[in-house]
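J.: how would this look folded up:
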Amino acid sequence: MRILVIGASGFAGSLLVPVLSARGHAVRALGRDPERVRAALSRTRWEWRRQDVDVVRADVLSGDGLARALAGVEVAYYLIHSMERTPADGAVFAERERVAAENFATAAAAEGVRRIVYLGGLAPRGGSQAAPAGAVDGARVSRHLASRAQVEQILLGAVADSLALRASIVIGARSRSFRLLVHLLERMPVLTLPAWQALRTQPIDARDVIDMLAACATARLSGRSLDIGGPDVLTYGEMLSGIAQLMLVNRPTVRLRVNLTGVTARVAAAIASEDPELVVPLMEGLRDDLLPRDDHAAQLLGVRLHSFDAAVEHALAEWVQSEPLAAR
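T.: Numbering: from 1, shown residues only. The predicted structure is shown next:
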C-alpha cells in the first residue's frame with residue numbers, strides 16, 4: 001500500500017515510518033525540511049535507506065507541494081499539530097491549524113486518497129465552565145484541544161473512510177509531555193502539585209500508539225474517532241509518583257487546592273528548561289478527567305496494551321541510550 005506520513009520529523013511520525021515500512025508498505029515521508037526528516041528517522045536507530053522511504057518536501061500551510069506529495073497515495077497520516085504561543089483568544093493559532101488542515105484535506109480528496117489517519121487529543125467527558133472557550137462533545141475544553149477537534153472534523157469530513165485516534169499523555173522517550181514530567185522530577189527537590197494532580201487519565205505507551213496508528217492503514221473501520229488509553233487509570237499525582245519510583249528518586253510532595261495555571265505552567269517550564277509556549281497549553285487542558293469514553297480501540301485494532309510501569313521503564317531505558325538521566 002502507498003502511504004504518506006505528514007509530520008515524519010515529529011515524535012509519532014518518525015516512529016511510525018519504520019513500522020509501516022517493515023509491514024511492507026511503500027512509505028513517503030513529508031516535511032518542510034527533508035533533512036530534518038532524515039535526521040529524525042536516524043534517531044530512531046532504524047537502519048533506513050533512501051530506497052525504503054521517499055522523503056519529499058511540502059508545506060501544508062501554504063499548500064505548496066501537496067499535490068505532488070499525495071499523487072498515488074492510498075492512505076495519508078496527518079501527524080502535525082503545533083504547540084505555540086497564542087493571543088488571549090487563541091485566534092491566530094486556531095486559524096493556522098484550520099488553514100493547514102483544510103489545505104491538506106482538499107488536496108487529499110482531489111488526489112483520490114482513500115483514507116486519512118489523524119492523531120489528536122482526548123477530550124474530557126464533562127466540562128468546566130471555567131475552561132477557556134471551546135467545546136468538544138458538549139464539554140468545555142482548552143484552546144488546543146478545541147483546535148485538535150476542529151482539525152479532526154475537517155479531515156474526516158473530506159475523506160469518508162478516514163479514522164482518528166485521540167490520546168492523552170503518551171509515554172515515550174521523545175514525548176514532550178513525558179519529558180516535561182521527568183525533568184520536573186529530576187530538578188524539583190519538593191514536588192508542589194496544583195489541584196489538577198487529583199484528575200484522572202489513562203497514559204498510553206508510545207509503542208501501543210504507533211501499533212494502533214499502523215493498524216489504521218488496513219483496519220476494517222470507517223469514519224470513526226477512537227479514544228485510546230493504556231490499561232491503567234491514574235491521577236496525575238499517582239502518575240508522577242510512579243515515574244519517580246521507577247526513576248529511583250524520592251520527592252516529598254506538597255498538594256495545593258488551587259491551579260493557578262498561568263503561574264505554575266511558567267514556573268514548571270523554567271524548572272524543566274522547557275518552552276512555556278508548550279507547557280502553558282498542556283496545563284491549560286488540565287481541568288477535568290481525561291479518560292477514554294470506551295475501551296474498545298485496542299481490541300478493534302488488534303493491539304495488546306502495555307502497563308503504565310512497562311511503558312515508563314521502556315521510555316527511560318530508551319532515554320539513557322541517547323542522553324544521561326540526571327536523577328540516576
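J.: isn't Leu191 right up against Leu184?
T.: Yes: counting by CB atoms under 8 Å, Leu191 does reach Leu184; the two are 7.4 Å apart. The C-beta positions use only the backbone N, C-alpha and C, and glycine is treated the same way.
J.: Ala39 and Ile210: what is the separation?
T.: In this structure, Ala39 and Ile210 are 19 Å apart, going by CB to CB, to the nearest Å.
J.: And the helices in the stretch 1-150 of the chain?
T.: 11-22, 34-43, 66-70, 91-110, 143-158 (DSSP state H, counting those that start in this stretch).
J.: now those as JSON lines including mean neighbour count and distance to Thr253?
T.: Shown next, in JSON lines, are those (neighbours: other CB atoms under 10 Å; distance: least, CB to CB, whole Å):
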{"stretch": "helix 11-22", "mean neighbour count": "22", "distance to Thr253": "28"}
{"stretch": "helix 34-43", "mean neighbour count": "16", "distance to Thr253": "34"}
{"stretch": "helix 66-70", "mean neighbour count": "20", "distance to Thr253": "48"}
{"stretch": "helix 91-110", "mean neighbour count": "18", "distance to Thr253": "33"}
{"stretch": "helix 143-158", "mean neighbour count": "22", "distance to Thr253": "27"}
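J.: what's around Leu119, how many residues?
T.: By the criterion of other CB atoms under 10 Å, Leu119 has 28 neighbours.
J.: do Pro189 as well
T.: Neighbours of Pro189 using other CB under 10 Å come to 6.
J.: Spell out the secondary structure type for it.
T.: Three-state assignment for Pro189 (DSSP: H, G, I helix; E, B strand; the rest coil): coil.
J.: any idea of the pLDDT on it?
T.: Looking at Pro189, its pLDDT stands at 81.
J.: How is the nearest residue to it once chain neighbours are set aside assigned, secondary-structure-wise?
T.: The shortest distance from Pro189 to any non-neighbouring residue, by CB to CB, 6 or more residues apart in numbering, is to Arg251 (7.1 Å). Under the three-state scheme (three-state DSSP), Arg251 adopts coil.
J.: and Arg251, how far is that from Ala26?
T.: With distances taken as CB to CB, Arg251 is found 48 Å from Ala26.
J.: do Ala108 as well
T.: From Ala108 to Ala26 the distance is 17 Å (CB to CB).
J.: Contacts only, for Asp232.
T.: Neighbour list for Asp232: 202-203, 307-308 [criterion: CB atoms under 8 Å, 6 or more residues apart in numbering].
J.: Phi and psi next, for it.
T.: Per-residue torsions, Asp232: phi -110, psi 130 (degrees, to the nearest 10).
J.: For Leu191 and Leu184, list the residues in contact with both.
T.: Common contacts of Leu191 and Leu184 (CB under 8 Å, 6+ apart): Leu240.
J.: coming back round to it: will you turn the helices of the stretch 1-150 of the chain into a markdown table that also has mean pLDDT?
T.: Formatted as a markdown table, the helices of the stretch 1-150 of the chain follow (pLDDT from 0 to 100):
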| stretch | mean pLDDT |
| --- | --- |
| helix 11-22 | 94 |
| helix 34-43 | 88 |
| helix 66-70 | 96 |
| helix 91-110 | 90 |
| helix 143-158 | 90 |
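J.: Ala217: which of the ones you listed is closest?
T.: Ala217 sits nearest to helix 11-22 of all the helices of the stretch 1-150 of the chain, at 6.9 Å, using CB to CB.
J.: Export the closest one to CSV, keeping only CA atoms.
T.: The C-alpha coordinates for helix 11-22 follow below in CSV (Å, rounded to 0.1, in the frame of the first residue of the first chain):
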residue,chain,number,x,y,z
PHE,A,11,7.8,12.1,17.7
ALA,A,12,5.0,9.9,16.4
GLY,A,13,5.8,10.3,12.7
SER,A,14,9.4,9.2,13.0
LEU,A,15,8.4,6.1,15.0
LEU,A,16,5.6,5.2,12.6
VAL,A,17,7.6,5.4,9.3
PRO,A,18,9.8,2.4,10.2
VAL,A,19,6.9,0.3,11.4
LEU,A,20,4.9,0.9,8.2
SER,A,21,8.0,0.1,6.0
ALA,A,22,8.6,-3.1,8.0
